[in-house]
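Undergrad: here's my sequence, what's the structure:
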Amino acid sequence: MSETMNLHHEPETMTSHRALWAGRIISALVVFALVVDGTLQLFAPARIAGLLQETGFAMDLTRVVGPIILTCAILYAIPATAVFGAILVTGFLGGAICAHVRMGELGSPPQIISLLLGVMTWGGLYARDPRIRAILPLIR
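TA: Below you'll find the predicted structure:
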């Protein structure tokens, strides 16, 4: 009987192990994208000057937005603060989507990228954190 139980639990363990690694990889991609964006905001604002002007943001805001993005990325990357980080990342990306909606760019590439990063943020967290899966079970 114990062999049957072991066989029964093995696929579940393998699935959760795969989900954990998939979640880590997806989360790492989100963190990477945020770190690149935050670093550009801080150290190369001239590269994104055109985009900032289009969205109506002043160039000197990069000194504020860059550290905010980097803080969100760090909080999301640390397991103990990942949920708080995901909430902050979602808020930041929602603001980016809103800025493009305000400009009349519904469905623009920056909007779609922000939306995908938001989905990846929560998808990665869902896959790597059993507490989130317990709160939001997709399959019973």
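Undergrad: can you list contacts of the worst-scoring helix or strand of the chain on mean pLDDT?
TA: Least confident helix or strand of the chain, by mean pLDDT, DSSP states H and E, is helix 49-55 with a mean of 74. Identification of contacts with helix 49-55 by C-beta atoms under 8 Å, 6 or more residues apart in numbering yields 45, 58-59, 61-62, 99-100, 103, 110. The C-beta positions use only the backbone N, C-alpha and C, and glycine is treated the same way.
Undergrad: likewise stretch 29-42?
TA: Taking C-beta under 8 Å, 6+ apart as the rule, stretch 29-42 contacts 47-48, 62-63, 65-70, 72-73, 76-77, 89, 117, 120-121, 124.
Undergrad: can you list the buried residues in it?
TA: Buried residues in stretch 29-42, counted by 16 or more other C-beta atoms under 10 Å: 30-31, 33-34, 37-38, 40-42.
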